[in-house]
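>>> got a sequence here, can you build the structure:
(2 chains)
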Amino acid sequence: MRRLWRAGIGFGLAALSLSAAWEGAAGSEPPPPRTVVIGTEGAFPPWNITRPDGTLIGFEPDLLQILCQRASLRCQLVAQDWDGMIGALQAHKIDVIADALQITPARKAVLAFSLPYAITTGVFVTQKDSPLARMANRGLVLDLDASPTPERQTRALAALREELRGKTLGVAISSTYDGFLDKYLAGVITVKSYRTMGERDLDLLSGRIDLTLDDTTYLRPLLAAPDAQDLVLVGPELIGGELGAGEGFGLRKDDTALAERLNAAIRSAVEDGTVRRLSLKWFKADATPTLDARPGAAAGSPQP
Amino acid sequence: MEEHLTFIGSVTAQLVRAVPVTLLILAVSGVCATALATGLTAMSVARSPLARLIQRTWTFLFRGTPLILQIFMIYYGFAMIPWIRHGMLWTAFRDPVFCTCLAMTCCCSAYIAEIFRGALAAVPRGEIEAGRACGMTGFMLLRRVIAPSLIRIALPSYSNEIIMMTKSTSLASTITVLDITGVAQQVIAHSYRTLEVFCAAAALYLLINAGLSALLAALERRLDVDRAVPSISVPPVVEPLS
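The predicted structure follows:
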């Protein structure tokens, strides 16, 4: 009986995969729908925000709604803490990470990335009464991928090291900035890691840390909040290099089928101005990334 | 396989360097909580109703709320109070290790005081009466009769509490302390490998607790008068030659 049962399952599966293959071969037909669980933090405004009723809103939920439709995916968005998210992806608890994940070289060693769907800079924030409030090169954008390195950039980085010597900088644990801090500021500053951005912000307000480095789209709206009156944006803005070439979806390395579907959807959303429209809505600035002209190009390769 | 072993080796080396932080939190909060619990136990049997009320309220508050909330309240909550943030106390409250020790002292003193209070109630009345009959009063009665009995009765539960405290020190990692758990999370954040790192950290906690259990068990055996070999040899009564 059990054997028969197994044979039945085997036949069923074979029939299913055959029909799938047939549908795939049809070409013009949309790919069969697939259910995908997407992990997000729900605590990184304006990228993803949990409303009091538990629903998720923000740039990423808005964008995903469009992308999933275009890639014919049945997407289920779940909120979870950032510190366990990569583990959850590798344990197949989720299939995609959508949490303003910068495509950095360090992360590419363990994750696959989609094409970038946004590009934003890292900025420093400190307290208004801190000596760091007068940091040099405010607003200067340092592109760490620039080659050859402009002399002004080399001088700005040297100035940064001097100004930050002996200071304590707070970041969210396994943040985008770990690689940058290791390379340019190791031994110069003390880095404190927090489980969430919110906890880090509290310690910045109370003065336990001297400054923080985080994404401009997160910090600028924070500075506008009434509770953050004592904080100020300082120093240069960072992009490229260890900070990565924009934000992409994190995927398992073996899930190339999903990567292809998402990439096609991202490309169409970048090209038809959907990304621009949504980033203006949520970031009040255009964060559209420049994608390589050839389709299927490797994600995160240095932008020209 | 070999790659796994080298990774576990290097992780363990990193974690071992964090052991002193864990032990420091345990030692400071263990000693302070025990001292505070002794005071609370005295208050629980004090004549003054106010003292008894304070002890009961303390136990109610700190035993009734989660330790992690107490840690957050002291670390993040107190930092919001202007006179703490701009006053002399900030030097202490700025430090996450101090905040952890303070929270653990308050929380664990409530538990230990209850252990001591139960043990005090279990000291045989006959022993106290015998002490009184020998003319002992006040402090001498406490030192010679009540305390030795109380310690023997309380020790097994007290050991349990100390072991619970060892594990509770890991909560310090939630407020940026780089104790064993904090360093483990840092390593995971950089390597994205969870199983090996958590296993190595768990092994270290096991080792610390094994050492503590052995120490406390030895103390228990030493204090066990029923099984102890008398250390003073009583000279045999020799009948005088007539």
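
>>> could you use CA atoms for every contact and neighbour count after this?
Will do.

>>> now do the helices in the chain.
Reading this off chain A. For chain A, the helices defined by DSSP state H cover A:2-25, A:59-70, A:85-90, A:105-108, A:151-164, A:178-184, A:197-206, A:216-224, A:256-271, A:274-283.

>>> my question was about chain B, not that one.
B:2-16, B:19-44, B:49-64, B:67-72, B:82-85, B:90-93, B:96-122, B:125-133, B:138-141, B:147-168, B:180-191, B:195-223.

>>> nearest to A:Ala158, out of those helices?
A:Ala158 lies closest to helix B:180-191 among the helices of chain B, at 25.9 Å (C-alpha to C-alpha).

>>> give me the angle between the closest one and helix B:19-44.
In terms of direction (axes from the mean of the first three to the mean of the last three C-alpha atoms, to 10 degrees), helix B:180-191 departs from helix B:19-44 by 150 degrees.

>>> near chain B, which residues of the stretch 101-250 of chain A are found?
Contacts of the stretch 101-250 of chain A with chain B, taken as C-alpha under 8 Å from any C-alpha of the partner chain, map to A:110, A:173-174, A:192-195, A:202-203, A:206, A:208.

>>> the same query, at a cut-off of 10 Å, please.
Counting by C-alpha under 10 Å from any C-alpha of the partner chain, the stretch 101-250 of chain A comes close to chain B at A:106-107, A:109-110, A:170, A:173-175, A:178-179, A:192-196, A:199-200, A:202-203, A:205-209.

>>> is it possible to get JSON lines of the helices of chain B that adds mean neighbour count, mean pLDDT and distance to chain A?
Formatted as JSON lines, these follow (neighbours: other C-alpha atoms under 10 Å in any protein chain shown; pLDDT from 0 to 100; distance: least, C-alpha to the nearest C-alpha, whole Å):
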{"stretch": "helix B:2-16", "mean neighbour count": "14", "mean pLDDT": "92", "distance to chain A": "16"}
{"stretch": "helix B:19-44", "mean neighbour count": "20", "mean pLDDT": "97", "distance to chain A": "16"}
{"stretch": "helix B:49-64", "mean neighbour count": "16", "mean pLDDT": "97", "distance to chain A": "23"}
{"stretch": "helix B:67-72", "mean neighbour count": "18", "mean pLDDT": "97", "distance to chain A": "10"}
{"stretch": "helix B:82-85", "mean neighbour count": "14", "mean pLDDT": "91", "distance to chain A": "7"}
{"stretch": "helix B:90-93", "mean neighbour count": "16", "mean pLDDT": "94", "distance to chain A": "10"}
{"stretch": "helix B:96-122", "mean neighbour count": "23", "mean pLDDT": "97", "distance to chain A": "9"}
{"stretch": "helix B:125-133", "mean neighbour count": "14", "mean pLDDT": "92", "distance to chain A": "53"}
{"stretch": "helix B:138-141", "mean neighbour count": "13", "mean pLDDT": "89", "distance to chain A": "47"}
{"stretch": "helix B:147-168", "mean neighbour count": "17", "mean pLDDT": "96", "distance to chain A": "18"}
{"stretch": "helix B:180-191", "mean neighbour count": "22", "mean pLDDT": "90", "distance to chain A": "5"}
{"stretch": "helix B:195-223", "mean neighbour count": "16", "mean pLDDT": "95", "distance to chain A": "10"}
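
>>> closest to A:Ile86 out of these?
Closest among these, using C-alpha to C-alpha: helix B:180-191, at 9.2 Å.

>>> that closest one packs against which elements?
Applying 3 or more C-alpha pairs under 10 Å, 6 or more residues apart in numbering or on different chains; DSSP states H and E, we find helix B:180-191 packed against helix A:85-90, helix A:105-108, helix A:178-184, strand A:190-194, helix B:2-16, helix B:19-44, helix B:195-223.

>>> redo that, cut-off 8 Å
If you count contacts as 3 or more C-alpha pairs under 8 Å, 6 or more residues apart in numbering or on different chains; DSSP states H and E, helix B:180-191 packs onto helix B:2-16, helix B:19-44, helix B:195-223.

>>> figure out how far that helix is from the centre of its chain.
Taking the mean of its C-alpha atoms, helix B:180-191 sits 26 Å from the chain's own mean (C-alpha atoms, centre = their mean, to the nearest Å).

>>> could you dump it to PDB, C-alpha only?
Output of helix B:180-191 as PDB, limited to C-alpha atoms (Å, rounded to 0.1, in the frame of the first residue of the first chain):
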ATOM      1  CA  ILE B 180      30.800  36.100  26.000                       C
ATOM      2  CA  THR B 181      27.400  36.400  24.300                       C
ATOM      3  CA  GLY B 182      28.200  39.900  23.000                       C
ATOM      4  CA  VAL B 183      31.400  38.800  21.400                       C
ATOM      5  CA  ALA B 184      29.600  35.700  20.000                       C
ATOM      6  CA  GLN B 185      27.000  38.000  18.300                       C
ATOM      7  CA  GLN B 186      29.800  40.200  16.900                       C
ATOM      8  CA  VAL B 187      31.600  37.100  15.400                       C
ATOM      9  CA  ILE B 188      28.300  36.000  13.900                       C
ATOM     10  CA  ALA B 189      27.700  39.400  12.500                       C
ATOM     11  CA  HIS B 190      31.000  39.200  10.600                       C
ATOM     12  CA  SER B 191      31.100  35.500   9.700                       C
END
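
>>> got a list of what B:Ala46 touches?
Contacts for B:Ala46 were tallied using C-alpha atoms under 8 Å, 6 or more residues apart in numbering or on different chains; they are B:Arg52.

>>> for it, grab phi and psi.
phi -70, psi 160 (degrees, to the nearest 10).

>>> ok, A:Asp255 next?
According to degrees, to the nearest 10, A:Asp255 has phi -90, psi 60.

>>> and it, how many neighbours does it have?
Around A:Asp255 there are 12 other residues, counting by other C-alpha atoms under 10 Å in any protein chain shown.

>>> list the contacts of whatever residue of the stretch 101-250 of chain A ends up closest to chain B.
Across the stretch 101-250 of chain A, the shortest distance to chain B (C-alpha to the nearest C-alpha) belongs to A:Ser174, at 4.8 Å. Residues in contact with A:Ser174 (C-alpha under 8 Å, 6+ apart) are A:83, A:193, B:186, B:189-190.
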